[in-house]
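Asks: Predicted model and sequence below, questions to follow.
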There are 2 protein chains.
Amino acid sequence: MDDQSTPRGRPAPLAPKADKDTVRRHNLSLVLRAVHDESALSRAGAAARTGLTRAAVSSLADQLIRGGFLTESGKSFSGQAGRPGTMLTPARTGPAGAGVEVNVDYVSVCVVDLAGTDRVRLTEHLDNRREPAAEVLERAARIAARAVESAAEQELDPVGVELALPGLVSQGSVRQAPNLGWNRVGAEDLFGAALGRLRPDSPALPVSSDNEANVAALAELWFGAPQERVDHFLYLTGEIGVGGALVVGGELLRGAHGFAGEIGHTVVDPQGPACRCGSQGCLEQYAGQLALLRAAGLDEDAGVPGVAELERRARAGEESALGALAEAGRTLGVVLSGAVNLFDPEAVVLGGIYRTLMPWLAPAADRELTRRTVSGLWPPGSGRLRASSLAGDAARGAAARVVRGVLADPLAYG
Amino acid sequence: MDDQSTPRGRPAPLAPKADKDTVRRHNLSLVLRAVHDESALSRAGAAARTGLTRAAVSSLADQLIRGGFLTESGKSFSGQAGRPGTMLTPARTGPAGAGVEVNVDYVSVCVVDLAGTDRVRLTEHLDNRREPAAEVLERAARIAARAVESAAEQELDPVGVELALPGLVSQGSVRQAPNLGWNRVGAEDLFGAALGRLRPDSPALPVSSDNEANVAALAELWFGAPQERVDHFLYLTGEIGVGGALVVGGELLRGAHGFAGEIGHTVVDPQGPACRCGSQGCLEQYAGQLALLRAAGLDEDAGVPGVAELERRARAGEESALGALAEAGRTLGVVLSGAVNLFDPEAVVLGGIYRTLMPWLAPAADRELTRRTVSGLWPPGSGRLRASSLAGDAARGAAARVVRGVLADPLAYG
């Protein structure tokens, strides 16, 4: 209420006192982001979208083309006078972002180009619980280095790496990742140093980090199907742990310490099985990957093939699989009803292993949500419980974060 | 990221094209809010705080004094050159706000002056479950009319009324208030019409409405002890129902439909007792006023005297009272740990009957929070579980909302 930008007594200039360079850098970003957001745009279109003059856009676009951020191609007809024009598109080579998801039983690396397209994907399934954090991160760096090599073959040059980690991440370090057994691990430093050793002749890549559910939720927001786009949602990802993120107005709700979203540790039964977080009876112990596989009579450590087998059995109508999934769905629904009553999202989006298991989880979960959400706000078949789109994954979200950095200030990467 | 007010190609003027009147109205509000926020301010102080010139402040202050919004009194020394000056303070008479909390077993009306001071309070304990909504609101209007009369005797003139209601409130109507048995009740219209009939010779007062926990949380934010002020918290109010509100960055988090905060319907036991919301085993059924009194062996309908008796017995160390409170505290702690893991607030503030019962609820609740909040973020004795201040109540918050309307545009009430 006190921050409105309405007139005051002593008007200040609109722009903070910015020198010409600052203004130009900002405008380069405006044009680049406009083209990125629209996928392709004529110079006239970019002028209309940014509010800059056509002359300014032309000069800025030329600089962005020279810098390797935009390409110009094809002919388009502006419609206005049938005058042909060329289209600006984000470069498919050059600056790119790398995202590295280090999860409990896999590492997945994704390289995304300036258009936001997933160009390289390298995933290794392995058990990250067996090694100390430093070795896990060193191995992740090796996988990342290989993905960066693949990217180089496509003439893509990652300008930074973001780590997506299944735990509480703050200021470059992991405060706790119970399912990895990590406590206070300086993940950015360890990963960055390992990557540096693997690429002694290349400049060091800046490394950032975030919680994996947070970046997966952003990927869903940025790359999900436009017709399903909501900007106020709860994102839940089923892995060995159960992660979560809250998005409000298109932004992550981070909480007072940056750790919001930890729905996996909601108590289902205060006397339930011990959880690696130190509590008992957490949602993870009922609806995480291990619990699901175990409940269906499969080896809890069967990993991806195990989840595929669970899906196969469910599809074949086998009772044990259907029962385990319905029970996990019911528990998910009970816990989600509390989160929905508290947070009132437009939708709940399920990712990770829940995405493919949706057909068997969703009916029971939706039933509990309908019964337990206040005031009939969750009518049956509302479609408010959704599978995440294929696009909604942590490595891509993390890579796209790096790309957004380039879009925000291309000259810093020129 | 796309909304930054950084320089663009074609600079627009700083201010939206506003005519002189609009600018002046805005600046009147700036000065009035500055004086309100500081309680008392010299003209020089108001100039420094608003960024307006001293000449402008003087002219605006004169207009606000003539309009009855400010008074000028006493002498102060500016310190700069020992030059004496007078102090501006918010008027203690004239425009005021009225808040009317209609809860399950009481109606409480509060009239707040422009300084934010609670000037009239009229509370009636009665059972609002026995009458239809229209009669409950008509009775609330009678209580409000009496409070407005008391205010008039103090030369206070409420310019609007805000209703605080224990349910899902949206666009002037109550979608659902389970503990009142209300469904789709046009509360503002019913109350406004009743108040109009009671005051046939007075201009109609504008009526607004909100959820009672929402406005109680705002009262806590605005009037709580400054040294305890946090702007990211979860507010919980224990009444016959258990209401809640989320505050992020000093603003209510409203959710996609405006119904966020309904923590009272978090499931404690999916097979637990039926709740009036239609679900089973909700927190209210374990830690609401009725459940607490019943568990302590008291008449669940004993109301305020019953809660006082519970407190007396707890103070006397009676086992049944201590046991009931510890058990409710434990359940509160389990549910709160889920909310804390999801939302990561700085503090959890307990209001309503929980405020006075804190000494017996808090130890068990805090223990569960410590055990179940991820990553040791809730160390024992952290002080993050707090009783709301006396000031944090719904009627006062609602009245203060009306006053904020005056502060935002005094001329609309001149």
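Replies: Yep, it's here. Residues are numbered from 1 along each chain as shown, chains lettered A, B, ... in the order given.

Asks: Please count neighbours and contacts with C-alpha atoms only from this point.
Replies: OK.

Asks: Domain parsing of chain A, as residue ranges.
Replies: Using automatic domain parsing, the domain parsing of chain A gives A:20-90, A:94-214+A:394-413, A:227-387.

Asks: quick one: low-confidence parts of the stretch 201-350 of chain A?
Replies: Across the stretch 201-350 of chain A, nothing is flagged by pLDDT under 70.

Asks: Helices of that one, start to end?
Replies: According to DSSP state H, counting those that start in this stretch, the stretch 201-350 of chain A carries its helices in the segments A:212-223, A:284-287, A:289-295, A:303-315, A:319-343.

Asks: tell me what the longest one is packed against?
Replies: Contact partners of helix A:319-343 among helices and strands, from 3 or more Cα pairs under 8 Å, 6 or more residues apart in numbering or on different chains; DSSP states H and E: helix A:284-287, helix A:289-295, helix A:303-315, helix A:353-372, helix B:319-343.

Asks: my guess is residue A:179 contacts residue A:128, does it?
Replies: No. Between residue A:179 and residue A:128 there is no contact, the gap being 9.3 Å when judged by Cα atoms under 8 Å.

Asks: Neighbour count: the two, which is higher?
Replies: Taking other Cα atoms under 10 Å in any protein chain shown, residue A:179 and residue A:128 do not tie; residue A:128 has more neighbours (22 against 19).

Asks: quick one on the thing from earlier: of the domains of chain A, which approaches residue B:47 most closely?
Replies: domain A:20-90 (31.9 Å; Cα to Cα).

Asks: and the end-to-end length of the closest one?
Replies: Start and end residues of domain A:20-90 are separated by 25 Å (Cα to Cα, to the nearest Å).

Asks: residues from the stretch 51-200 of chain A in reach of chain B?
Replies: By Cα under 8 Å from any Cα of the partner chain, the residues of the stretch 51-200 of chain A that approach chain B are A:51-53, A:56, A:168, A:175-176.

Asks: Can you tell me which of those residues are buried?
Replies: Buried subset of these (neighbour count, 16 or more other Cα atoms under 10 Å in any protein chain shown): A:51-52, A:56, A:168, A:175-176.

Asks: from the residues you listed, which single one is nearest chain B?
Replies: The nearest member of these to chain B, counting by Cα to the nearest Cα, is residue A:52 at 4.6 Å.

Asks: in what helix or strand does residue A:97 lie?
Replies: Residue A:97 belongs to strand A:94-102 when assigned by DSSP states H and E.

Asks: so what does that strand touch, helix or strand wise?
Replies: By 3+ Cα pairs under 8 Å, 6+ apart, strand A:94-102 packs against strand A:106-113, helix A:133-153, strand A:156-165, helix A:394-408.

Asks: I'd like these laid out as CSV, including mean pLDDT and distance to residue B:116.
Replies: CSV is the format used below for the helices and strands packed on strand A:94-102 (pLDDT from 0 to 100; distance: least, Cα to Cα, whole Å):
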stretch, mean pLDDT, distance to residue B:116
strand A:106-113, 96, 54
helix A:133-153, 96, 55
strand A:156-165, 97, 47
helix A:394-408, 96, 44
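
Asks: Of the ones you listed, give the one that comes closest to residue B:190.
Replies: Closest to residue B:190 of these, according to Cα to Cα: helix A:394-408, at 50.1 Å.

Asks: re the thing from before, let's see which of the residues of the stretch 51-200 of chain A next to chain B end up in strands.
Replies: In strands, judged by DSSP state E, the following of these are found: A:168, A:175-176.

Asks: In which helix or strand does residue A:116 reside?
Replies: Using DSSP H and E, residue A:116 falls outside every helix and strand.

Asks: gap between it and chain B?
Replies: Distance, residue A:116 to chain B, using Cα to the nearest Cα, to the nearest Å: 17 Å.

Asks: burial measure for the nearest residue to that residue once chain neighbours are set aside, as a count.
Replies: Nearest residue to residue A:116, sequence neighbours excluded (Cα to Cα, 6 or more residues apart in numbering or on different chains): residue A:400, at 6.4 Å. Look at residue A:400: counted by other Cα under 10 Å, it has 32 neighbours.

Asks: got the contact list for residue A:400?
Replies: A:97-99, A:112, A:116, A:219 (Cα atoms under 8 Å, 6 or more residues apart in numbering or on different chains).

Asks: As a markdown table, those with neighbour count would be great.
Replies: Formatted as a markdown table, the contacts of residue A:400 follow (neighbours: other Cα atoms under 10 Å in any protein chain shown):
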| residue | neighbour count |
| --- | --- |
| A:97 | 30 |
| A:98 | 34 |
| A:99 | 31 |
| A:112 | 30 |
| A:116 | 24 |
| A:219 | 25 |
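
Asks: and which of those residues is nearest residue B:229?
Replies: Nearest member of these to residue B:229, counting by Cα to Cα, is residue A:219, at 35.2 Å.

Asks: separation between the closest residue to the closest one other than its chain neighbours and residue A:239?
Replies: What sits nearest to residue A:219 in space, not counting adjacent residues and going by Cα to Cα, 6+ apart, is residue A:397, at 4.3 Å. Remark: distance between residue A:397 and residue A:239 (Cα to Cα) = 17 Å.

Asks: out of these two, which sits in the more crowded spot?
Replies: residue A:397 (34 against 21).

Asks: if I look at the more buried one, how far off is residue A:272?
Replies: Residue A:397 sits at a distance of 34 Å from residue A:272 (criterion: Cα to Cα).

Asks: again, but for residue A:246
Replies: Counting by Cα to Cα - residue A:246 and residue A:272 are separated by 26 Å.

Asks: repeat for residue A:345
Replies: Distance, residue A:345 to residue A:272, using Cα to Cα: 28 Å.

Asks: So between the two, which is more surrounded?
Replies: residue A:345 (26 against 15).

Asks: and that one, how far is that from chain B?
Replies: According to Cα to the nearest Cα, residue A:345 stands 5 Å off from chain B.

Asks: Can you report how many residues neighbour residue A:388?
Replies: By other Cα under 10 Å, 27 other residues sit near residue A:388.

Asks: ok, now which ones touch it?
Replies: Residues near residue A:388 by Cα under 8 Å, 6+ apart: A:220, A:224, A:349-351, A:355.

Asks: now do residue A:213
Replies: Residue A:213 sits next to A:166, A:235-237, A:243-245, A:394 when contact means Cα under 8 Å, 6+ apart.

Asks: repeat for residue A:356
Replies: Residue A:356 touches A:311, A:387, counting by Cα under 8 Å, 6+ apart.

Asks: Quick check, pLDDT for it.
Replies: Listed pLDDT for residue A:356 reads 93.

Asks: what's the spacing between it and residue A:283?
Replies: Applying Cα to Cα to residue A:356 and residue A:283 gives a distance of 19 Å.

Asks: same question, residue A:117
Replies: Counting by Cα to Cα, the gap from residue A:117 to residue A:283 is 34 Å.

Asks: For these two, indicate the residue with more neighbours.
Replies: When residue A:117 and residue A:283 are compared for neighbours, residue A:283 comes out ahead with 24 against 16, by other Cα under 10 Å.

Asks: Could you pull up phi and psi at the more buried one?
Replies: Residue A:283 adopts backbone torsions of phi -50, psi -40, taken as degrees, to the nearest 10.

Asks: Count residues in the vicinity of the closest residue to it other than its chain neighbours, would you?
Replies: Nearest non-adjacent residue to residue A:283, counting by Cα to Cα, 6+ apart: residue A:264, 5.2 Å away. Look at residue A:264: counted by other Cα under 10 Å, it has 28 neighbours.
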